[in-house]
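**Q** Build me a model:
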Amino acid sequence: MADFRLVNPEGWEYDLQSVYSAYIGYFQLHNVPWYDRTWGQFFETFEQFLGFSWPVIAVTDSWTGRAHIVTRMTTVGAFIKMIKTRFGETLPTPDNMLKVTNFETAQRQLRNIADWATYKKLYMTLPAVALAAFKTRVRSGEPKAIRELWSKRDKTFLAIDFEWSERNPATFLEWGYAAVRCGHLEAYAFLFCFVWDCRLLMVLVFSVGAWPPVPETNYRKGHYIIGDYVDKIVNKHCPTHPWQYAWGDSQIIPRTKLPQIVQSVISSLASPDTETAANNLVLVGHGVSADIQRLEETKIKIPHNVLIIDTAAFERALFNTGERGAMHDPKTGKLRAQGSTLSLGGLLHSLGIDPPCTLHNAGNDAFLCLLALQKILEPITSTPMPTFDPDARRKPKTTGVPLPSPVAFMGFLTVGAVEGGRPISAYLNSPGGSGSPRMRGMVDGMPDDMGSMRKVSKYGSASPPETGGSWKEDKDKDKDRDRMGWTRSSKGLRTVTK
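**A** Below is the predicted model of the structure:
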């Protein structure tokens with residue numbers, strides 16, 4: 001565009017319509033018969049007022065978050081000068097114009113408005129301007145914006161966490177999530193009115209929800225371990241703990257299925273993408289930038305209107321404004337410096353939460369990150385206790401503990417956690433899986449060298465159905481033996497004489 005021009009938003013601080021409104025109010029207050037004056041044509045309507053051709057930009061107020069079309073005081077002075085030059089009268093500068101404190105600091109596009117159609121076109125973009133600013137405010141950890149978002153009680157907060165290899169960030173080891181759907185927890189009230197025996201009766205019925213959310217029951221959560229790398233890739237500087245998930249069953253999946261699973265979780269919670277309103281989904285993470293980068297690398301589609309909360313930035317903003325008071329480093333005893341950032345463990349300790357499970361497990365980190373956010377916003381939130389014993393999973397008993405039947409999940413067999421056994425997947429034991437060499441010579445129900453319990457069929461197969469070495473092939477072997485003249489008996493297999 002030939003007229004495209006960017007300007008610094010500093011000094012652009014007066015709402016354009018409020019300038020017109022201020023003049024109308026001034027005329028009314030001081031009994032000025034503007035309608036009889038030669039310059040009165042400019043004040044008949046706001047559209048006539050725009051005929052002066054006003055240079056404007058669109059910005060948002062840093063306190064209210066509302067978007068405005070603003071102009072400069074120098075332009076108001078130019079309008080007053082034009083009235084004096086053309087009509088010989090001097091108008092005062094009204095003192096009750098709406099002054100906006102700009103949130104934006106980057107350059108904004110300059111537009112010249114001389115008619116109603118142009119103003120209306122720009123006005124239609126204000127919701128998108130306000131949304132863009134609100135996304136930035138939430139992402140930067142602004143306490144007011146995040147509290148406003150939480151207080152509406154209509155969003156879904158999804159905390160996510162990836163664990164990846166220190167040598168190659170593209171190699172994912174785990175993924176975990178925890179979500180709370182606040183819109184389903186709010187209390188509702190219904191008023192029923194009806195006539196009975198010539199009298200009007202009113203009944204007020206309450207449907208009381210749970211607020212604040214109860215983490216144990218109101219959090220939807222999950223943990224996925226990449227079977228290709230489990231117990232093979234171990235980080236040295238920051239070790240992960242894939243078998244220590246404390247809030248449910250872990251699912252062991254191949255690396256190729258992770259994007260599909262992550263996308264399904266996000267899609268199940270997000271609302272449609274629009275340019276004028278925030279999404280129902282709010283992503284949460286501690287140091288979330290790295291997790292967002294992982295989502296982008298795996299081509300996960302996230303609606304552009306999704307809001308993102310970084311609990312590290314949120315807590316840091318609270319500390320910088322003095323809302324968290326003076327804090328000491330528990331290791332050194334020194335006062336915490338302004339602008340410093342707490343780790344997830346440090347944040348939990350500062351909130352009086354002794355982590356009830358092992359950190360650096362993707363599922364545990366996601367759960368505790370969402371818990372920390374809720375604890376900051378709802379201090380009365382109680383600390384939940386783990387529902388599973390990770391230590392019992394890590395060292396399963398070798399006798400007297402029957403394993404449950406395998407359950408199919410997204411094409412892969414998963415054995416849930418039971419007392420003395422950790423969740424395992426038949427994917428690990430398939431011919432194409434990473435654990436297939438360990439299956440040789442194993443006895444059904446006995447642990448392997450990694451301490452994992454295996455469910456083996458009578459032919460030594462532990463693969464998912466419809467794959468090589470599966471239970472389907474076991475049935476085929478039975479059919480082949482039957483056709484070859486063999487039959488089963490209590491003493492084993494016997495030939496049949498026809």
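
**Q** Can you show me the helices along this structure?
**A** Using DSSP state H, the helices of the chain run over 16-29, 46-49, 73-87, 116-123, 126-139, 143-151, 215-218, 258-269, 288-297, 311-320, 344-350, 362-377, 390-394, 471-483.

**Q** Check what contacts the second one and list those residues.
**A** Outside helix 46-49, the residues within contact range by Cβ atoms under 8 Å, 6 or more residues apart in numbering are 17, 20, 41-43, 115-116. All C-beta atoms are positioned from the backbone trio N, CA, C, and that covers glycine.

**Q** if we go to 10 Å?
**A** Applying Cβ atoms under 10 Å, 6 or more residues apart in numbering, the contact partners of helix 46-49 are 16-17, 19-21, 23-24, 40-43, 79, 115-117, 119-120.

**Q** again with stretch 326-344
**A** 161, 285-287, 310-313, 315-316, 319-320, 322, 324, 345-351, 355, 359-360, 364-365, 368-369, 372.

**Q** what about residue 352, neighbour count?
**A** Residues near residue 352, counting by other Cβ atoms under 10 Å, number 9.

**Q** and it, what is it in contact with?
**A** By Cβ under 10 Å, 6+ apart, the neighbours of residue 352 are 375, 379, 383.

**Q** Now which of the contacts of helix 46-49 would you call buried?
**A** 16-17, 19-21, 23, 42-43, 79, 119 (16 or more other Cβ atoms under 10 Å).

**Q** Kindly reformat those residues as a markdown table containing pLDDT and distance to residue 298.
**A** Conversion of the buried ones among the contacts of helix 46-49 to a markdown table gives the following (pLDDT from 0 to 100; distance: Cβ to Cβ, whole Å):
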| residue | pLDDT | distance to residue 298 |
| --- | --- | --- |
| 16 | 97 | 45 |
| 17 | 96 | 46 |
| 19 | 97 | 50 |
| 20 | 97 | 52 |
| 21 | 96 | 51 |
| 23 | 96 | 57 |
| 42 | 95 | 58 |
| 43 | 96 | 59 |
| 79 | 96 | 55 |
| 119 | 97 | 44 |
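
**Q** Throw those residues into CSV and include distance to residue 55, thanks.
**A** As requested, these are exported to CSV (distance: Cβ to Cβ, whole Å):
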residue, distance to residue 55
16, 10
17, 15
19, 13
20, 15
21, 19
23, 18
42, 17
43, 20
79, 11
119, 13
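
**Q** contacting residues around residue 348?
**A** The contact partners of residue 348, taken as Cβ under 10 Å, 6+ apart, are 286, 342, 354-356, 359, 368-369, 371-372, 375, 383.

**Q** among the helices of the chain, where is the model least confident on average?
**A** For the helices of the chain, mean pLDDT drops lowest on helix 471-483, to a mean of 52.

**Q** Give me the distance between the spatially closest residue to residue 320 that is not a sequence neighbour and residue 328.
**A** Counting by Cβ to Cβ, 6 or more residues apart in numbering, residue 338 is the residue found nearest to residue 320 once chain neighbours are left out, at 5.9 Å. Distance from residue 338 to residue 328, counting by Cβ to Cβ, to the nearest Å: 14 Å.

**Q** and if you look at residue 316?
**A** According to Cβ to Cβ, residue 316 and residue 328 sit 16 Å apart.

**Q** Mind checking which of these two has more residues around it?
**A** Between residue 316 and residue 328, residue 316 has the larger neighbour count (other Cβ under 10 Å), namely 20 against 11.

**Q** Residue 8 contacts residue 105, correct?
**A** Yes - applying Cβ atoms under 10 Å, one finds residue 8 in contact with residue 105, separated by 8.6 Å.

**Q** More neighbours: which of the two?
**A** Each of residue 8 and residue 105 has its neighbours counted (other Cβ under 10 Å); residue 8 has more, 13 against 10.

**Q** Can you give me every residue that contacts the nearest residue to that one once chain neighbours are set aside?
**A** Computed as Cβ to Cβ, 6+ apart, the closest residue to residue 8 that is not its neighbour in sequence is residue 107, at 5.9 Å. Listed by Cβ under 10 Å, 6+ apart, the contact partners of residue 107 are 5-9, 57.

**Q** thinking again about what came up before, any idea which of the buried ones among the contacts of helix 46-49 is closest to residue 214?
**A** Closest approach between the buried ones among the contacts of helix 46-49 and residue 214, by Cβ to Cβ: residue 17, at 46.9 Å.

**Q** From residue 50, how far off is that closest one?
**A** Per Cβ to Cβ, residue 17 is found 10 Å from residue 50.
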